[in-house]
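Asker: need a 3D model of the following:
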Amino acid sequence: MTVQDIRSFNRFYTNVIGALDYGRHLYAPYTLTESRVLYELAHASHTDAADLRAELSLDAGYLSRILNKFEQDGLIERSPSEKDPRRRRVTLTTRGREAAGLLDERARETVGSLLATVPPAERPRLAEAMRTVRTILGDRRSRAPRPEDVVLREPGPGDLGWMVQRNAALYTAEYGWNADYEGLVARIVADFAEDHDPHLERVWIAELDGRPVGCVMCVRDDAPGAARLRLLLVEPEARGLGIGDQLVTAVADFARGVGYHELVLWTNDVLAAARRLYQRHGFVLVSEKPHRSFGADLVGQDWRLDLHGNGE
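Answerer: Take a look at the predicted model:
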């Protein structure tokens with residue numbers, strides 16, 4: 001390996017990336033850096049200017065000008081941080097989330113077009129080669145993952161199917177549940193995919209090192225003014241990074257922001273770690289009832305979080 005090898009690869013890669021945007025105006029009306037800032041804001045449940053500077057390695061003055069522009073255009077709102085009043089929390093408005101979503105959709109379509117030129121049999125080898133480069137040269141991938149390495153994003157093609165498959169596989173492995181549970185999850189996901197209001201219902205995928213490691217769903221409940229949290233899952237190898245907390249926080253913030261009054265969920269008493277997570281976020285146990293489901297004797301539990309009060 002020589003310096004020339006790396007420079008040659010860099011020219012090749014730069015040409016590939018440039019070709020992706022040829023005539024497409026991928027980032028319009030924003031610059032590449034502005035698009036990166038929008039992406040980070042869309043995929044983080046809590047962030048401030050200091051977080052963005054560290055994540056994107058941006059000059060403080062340059063970032064400040066971008067945020068001022070975004071605020072003037074109605075894309076973001078800034079408010080005091082709950083954890084540190086000296087910092088300003090930055091969040092996307094509805095208009096900002098729509099702009100970020102459009103950019104993300106363009107990027108997915110463009111990269112999808114590139115991937116379509118790669119024979120299916122060669123794609124695993126390409127993915128492994130990309131991971132190798134990132135592992136060897138990437139400073140964040142040369143150490144154990146940290147919570148800030150986790151990205152929350154909207155689902156892309158195949159992610160909803162992944163939710164069904166991983167729920168079924170994990171709950172079978174950890175609790176011995178049968179295919180009835182997979183059927184339930186498949187119906188929940190299919191109902192969302194076929195008919196949901198994107199302004200009131202969302203799915204989040206937690207991504208680490210370019211692969212999904214968790215998920216959660218927020219949908220309308222039958223009770224007026226209530227949202228329901230569903231299908232919270234974190235892969236075993238990604239536990240301990242606070243991903244469950246990030247996902248539950250994302251759901252609660254979203255539900256509160258779009259006007260729901262309460263957030264409800266149904267779980268089973270054997271899911272001890274999940275129950276502790278819900279309790280940390282202020283959920284209150286409303287009722288429980290024994291039942292026979294998924295090939296096991298269980299105790300179902302209904303939990304509730306008051307989004308504008310103190311619970312009880």
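Asker: spatially central residue in the protein, please.
Answerer: Leu152 (2.1 Å; CA atoms, centre = their mean).
Asker: please compute how far whichever strand or helix holds that residue lies from its chain's middle.
Answerer: Assigned by DSSP states H and E, Leu152 belongs to strand 151-153. With CA atoms, centre = their mean, to the nearest Å as the basis, strand 151-153 stands 3 Å off its chain's centre.
Asker: for the longest helix anywhere in the chain, packing partners?
Answerer: Counting residues, the longest helix in the chain under DSSP state H turns out to be helix 94-115. Judged by 3 or more CB pairs under 8 Å, 6 or more residues apart in numbering; DSSP states H and E, helix 94-115 is in contact with helix 3-20, helix 32-42. To be clear about C-beta, it is placed using only N, CA and C from the backbone, and glycine gets the same treatment.
Asker: how much space between Leu63 and Val37?
Answerer: 7 Å (CB to CB, to the nearest Å).
Asker: compare the two (neighbour count), which wins?
Answerer: Val37 (23 against 17; other CB atoms under 10 Å).
Asker: what sits against the more buried one?
Answerer: For Val37, the contacting residues are Leu52, Leu56, Leu58, Leu63, Ile66, Leu67, Phe70, by CB atoms under 8 Å, 6 or more residues apart in numbering.
Asker: and what of Met163?
Answerer: Met163 sits next to Pro155, Val185, Val189, Val203, Cys215, Met217, Leu231, Leu233 when contact means CB under 8 Å, 6+ apart.
Asker: hmm, who's touching the lowest-mean-pLDDT helix or strand in the chain?
Answerer: The weakest-scoring helix or strand in the chain, judged by mean pLDDT, DSSP states H and E, is helix 3-20 (a mean of 73). Outside helix 3-20, the residues that touch it by CB under 8 Å, 6+ apart are Leu26, Thr110, Val111, Ser113, Leu114.
Asker: possible to save the residues you listed as a markdown table with pLDDT?
Answerer: Below are these laid out as a markdown table (pLDDT from 0 to 100):
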| residue | pLDDT |
| --- | --- |
| Leu26 | 65 |
| Thr110 | 78 |
| Val111 | 79 |
| Ser113 | 79 |
| Leu114 | 79 |
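Asker: picking that back up, what's the angle between the longest helix of the chain and helix 3-20?
Answerer: Using axes from the mean of the first three to the mean of the last three CA atoms, to 10 degrees, the direction of helix 94-115 lies 120 degrees away from that of helix 3-20.
Asker: want to try a markdown table for the contacts of Val37, with pLDDT and secondary structure as columns?
Answerer: Compiled in a markdown table, the contacts of Val37 are given as follows (pLDDT from 0 to 100; DSSP: H, G, I helix; E, B strand; the rest coil):
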| residue | pLDDT | secondary structure |
| --- | --- | --- |
| Leu52 | 79 | helix |
| Leu56 | 78 | helix |
| Leu58 | 79 | coil |
| Leu63 | 85 | helix |
| Ile66 | 90 | helix |
| Leu67 | 89 | helix |
| Phe70 | 89 | helix |
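Asker: just checking, Leu305 touches His261?
Answerer: No: counting by CB atoms under 8 Å, Leu305 sits too far from His261 to count as a contact (10.2 Å).
Asker: of these two, give the one with the bigger neighbour count.
Answerer: Leu305 (23 against 15).
Asker: who is that one paired with across the strands?
Answerer: Beta-bridge partners recorded for Leu305 (DSSP bridges): Leu263.
Asker: which segments of this protein make up each domain?
Answerer: Following automatic domain parsing, the chain resolves into domains at 3-117, 150-306.
Asker: most neighbours per residue, which of the ones you listed?
Answerer: domain 150-306 (a mean of 17; mean count of other CB atoms under 10 Å).
Asker: what sits opposite Ser287 in the beta ladder?
Answerer: Asp302.
Asker: ok, it touching Arg304?
Answerer: No: Ser287 lies out of contact with Arg304 (CB under 8 Å); the separation is 9.5 Å.
Asker: wait, isn't Asp48 in contact with Arg87?
Answerer: Yes: counting by CB under 8 Å, Asp48 touches Arg87, with 4.5 Å between them.
Asker: common neighbours of these two, please.
Answerer: In contact with both Asp48 and Arg87: Ser81, using CB under 8 Å, 6+ apart.
Asker: quick one, strands of the protein?
Answerer: With DSSP state E as the criterion, the chain has strands at 76-80, 88-92, 151-153, 202-208, 211-220, 226-234, 262-268, 284-293, 296-306.
Asker: who wins for proximity to His196 among these?
Answerer: Distance to His196, taken as CB to CB, is lowest for strand 211-220 among the strands of the chain, at 6.9 Å.
Asker: relative to strand 262-268, how tilted is that closest one?
Answerer: 120 degrees.
Asker: contacts for strand 211-220 next, please.
Answerer: Taking CB under 8 Å, 6+ apart as the rule, strand 211-220 contacts 150, 155, 159, 162-163, 166, 188, 192, 196-197, 200-207, 226-235, 237-238, 243-244, 247-248, 250-251, 254-255, 263.
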